[in-house]
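Trainee: need the 3D shape of this:
(chains A and B)
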2 protein chains.
Amino acid sequence: MRQSFIAQLEELNNNVIKMGSILELSTNEMILALNNTDVDIAKKIITRDDEIDLLEQHIERECINIIAKQQPLATDLRKITSIMKIITDIERIADQCSDISEYIIKLSKLPKINAPEYLTEMISAMKKMVSDTIDSFVEADLEKASRVIPADDEVDKYFLKITEELSEMMQNDPKSVPQCICYLMIIKYLERMADHATNISEWITFIITGDLALG
Amino acid sequence: MRQSFIAQLEELNNNVIKMGSILELSTNEMILALNNTDVDIAKKIITRDDEIDLLEQHIERECINIIAKQQPLATDLRKITSIMKIITDIERIADQCSDISEYIIKLSKLPKINAPEYLTEMISAMKKMVSDTIDSFVEADLEKASRVIPADDEVDKYFLKITEELSEMMQNDPKSVPQCICYLMIIKYLERMADHATNISEWITFIITGDLALG
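Mentor: Numbering: from 1, shown residues only, chains lettered A, B, ... in the order given. Here you go, the predicted model:
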């Protein structure tokens, strides 16, 4: 019994890591697609979203099965219930990559305008949060997880800055409104991705310390 | 043991219903605040969000405790793990009421413009989804839960319609851009609220039928 429990926990852990790797791939490709308005990559990301949904459902069932059959206590139970929360956030971030991809496809059909000035900075701040979150799960690294949480403020600041930028752009050049709306939605999704990365880091902190401090 | 288990499950159920009632209050007040650009109500909603966060954490711990101490099986376990998911979605919908309230406060500081034409329809479609979701949990009503899921398409259609409307408004009257951005963010949150209501309905369906069909 104990042997199979350890094996099940290990498989569960590996599946979360696998889900994290697929998410990181989608995040990186989404950034590439956004920078180059690349419709082919955007479509690939949208298709991949189903794979992540299936993996979430699979891990979900795995967690419920382990709880039901192995009746884990204390630390293990904390880890399993936290994983149930973490995979929801991973799935949402993947959803947002897919949602952004839809807007990339929309942008590709409109006359090209310059991307907002601070978009690159916002993207790299968000990307670092997602990477640090996944790494901190893989390495059970509390310090890395705790770094993610304040980084969210930086992403929020870029969101406000770029909103201002887009507001001016639309007022000065009303023809750019449809494209600016796409960018507004894209930065909203980027900001949400950072929020979900923060949630995951809070759950990782809970797994390691037992301290639940959700915002 | 069995007696205390039944009592704990009942308390858990009541707490979710309580969380649902607070959410419904915030949703109704948010609609009122939005219709009248009422800053006082908007501020009240933002403050109430902490109460919902605390209740979520409390229910979270309750679930983990019941699983750890009572080791529930099959149907009960399914219900408890589903509740852990449901409360995340309830908390998110409440967050979105709070986020919309921030934009209502922003709108109150800008020159008044006419609200988008289809906003009222979008709000009432979303409101019905939230009410039906909470009712279907309270009444364990599968038919009501299943009604929520297709209603999401209606909300999505309004989102696209209003985005078009705001796009035209900004192109025809660039001075209205700051207000239109607020409305764009508001309808994005309304659309997300409907998505979370859909998630909850899927979890309620899972509680009742054991069939997990997450999108």
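Trainee: for the residue nearest to A:K161 when sequence neighbours are not counted, what are its contacts?
Mentor: Nearest in space to A:K161, with sequence neighbours left out and distances taken as CB to CB, 6 or more residues apart in numbering or on different chains, is A:Y118 at 5.1 Å. Any C-beta I mention is one placed from the backbone N, CA and C, and that applies to glycine too. Shown in contact with A:Y118 (CB atoms under 8 Å, 6 or more residues apart in numbering or on different chains): A:Y158, A:K161, A:I162, A:E165.
Trainee: selecting buried members of the residues you listed in PyMOL, what would you type?
Mentor: The PyMOL selection below is limited to those of these classed as buried (16 or more other CB atoms under 10 Å in any protein chain shown):
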select buried, chain A and resi 158+161+162+165
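Trainee: and the contacts of A:Y118 as JSON lines, adding secondary structure and pLDDT?
Mentor: Putting the contacts of A:Y118 into JSON lines (DSSP: H, G, I helix; E, B strand; the rest coil; pLDDT from 0 to 100) gives the following:
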{"residue": "A:Y158", "secondary structure": "helix", "pLDDT": "98"}
{"residue": "A:K161", "secondary structure": "helix", "pLDDT": "98"}
{"residue": "A:I162", "secondary structure": "helix", "pLDDT": "98"}
{"residue": "A:E165", "secondary structure": "helix", "pLDDT": "97"}
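Trainee: show me which pair in the contacts of A:Y118 is furthest apart.
Mentor: A:Y158 and A:E165 (10.0 Å; CB to CB).
Trainee: flag every buried residue along the strand or helix carrying A:C180.
Mentor: According to DSSP states H and E, A:C180 maps onto helix A:177-209. By 16+ other CB under 10 Å, the buried positions in helix A:177-209 come out as A:177-208.
Trainee: do stretch A:32-46 as well
Mentor: So for stretch A:32-46, counting by 16+ other CB under 10 Å, buried means A:A33, A:L34, A:T37, A:D38, A:I41, A:A42, A:I45, A:I46.
Trainee: ok, the residue nearest the centre of chain A - contacts?
Mentor: Central residue of chain A (CA atoms, centre = their mean): A:I93, 3.0 Å from the mean position. Taking CB under 8 Å, 6+ apart, we find A:I93 in contact with A:L23, A:T27, A:V130, A:M193, A:H196, A:A197.
Trainee: I'd like the residues you listed written out as a markdown table, with pLDDT and distance to B:E51 added.
Mentor: Formatted as a markdown table, those follow (pLDDT from 0 to 100; distance: CB to CB, whole Å):
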| residue | pLDDT | distance to B:E51 |
| --- | --- | --- |
| A:L23 | 96 | 32 |
| A:T27 | 96 | 34 |
| A:V130 | 95 | 31 |
| A:M193 | 97 | 27 |
| A:H196 | 95 | 23 |
| A:A197 | 97 | 26 |
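Trainee: ok, those vs A:E102, which is closest?
Mentor: Ranked by distance to A:E102 (CB to CB), these are led by A:M193 at 14.7 Å.
Trainee: surely that closest one and A:I123 touch.
Mentor: No - using CB atoms under 8 Å, A:M193 makes no contact with A:I123, being 9.8 Å away.
Trainee: tell me the phi and psi of A:E139?
Mentor: Backbone torsions of A:E139, given as degrees, to the nearest 10, read phi -90, psi 0.
Trainee: what's the spacing between it and chain B?
Mentor: 24 Å (CB to the nearest CB, to the nearest Å).
Trainee: where are the low-confidence patches of chain A?
Mentor: Along chain A, the parts satisfying pLDDT under 70 run over A:1, A:212-215.
Trainee: and it, which residues reach chain B?
Mentor: Those residues of chain A that sit near chain B, judged by CB under 8 Å from any CB of the partner chain, are A:53, A:56-57, A:60-61, A:63-64, A:67-68, A:71, A:73-74, A:77-78, A:81, A:84-85, A:88, A:163, A:166-167, A:170-172, A:174-175, A:177-178, A:181, A:184-185, A:188, A:212, A:214-215.
Trainee: show me how to select, in ChimeraX, the buried members of those residues.
Mentor: Selection of buried members from those for ChimeraX, criterion 16+ other CB under 10 Å:
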select /A:53,56,60,63,64,67,68,71,77,78,81,84,85,88,163,166,167,170,171,174,177,178,181,184,185,188,214
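Trainee: filter the residues of chain A next to chain B down to the ones in helices?
Mentor: Judged by DSSP state H, the residues of chain A next to chain B include A:53, A:56-57, A:60-61, A:63-64, A:67-68, A:74, A:77-78, A:81, A:84-85, A:88, A:163, A:166-167, A:170-172, A:177-178, A:181, A:184-185, A:188 as members of helices.
Trainee: list the buried residues in stretch A:131-151.
Mentor: When neighbours are counted by 16+ other CB under 10 Å, the buried residues of stretch A:131-151 are found to be A:131-134, A:136-137, A:144-149, A:151.
Trainee: can you tell me which two in these are farthest apart?
Mentor: For the buried residues of stretch A:131-151, the maximum inter-member distance is 16.0 Å, found between A:F137 and A:A151 (CB to CB).
Trainee: what about the closest residue to A:A68 other than its chain neighbours, distance to B:S101?
Mentor: Leaving aside its chain neighbours, A:A68 sits nearest to B:L77 (5.4 Å; criterion: CB to CB, 6+ apart). Distance from B:L77 to B:S101, counting by CB to CB, to the nearest Å: 37 Å.
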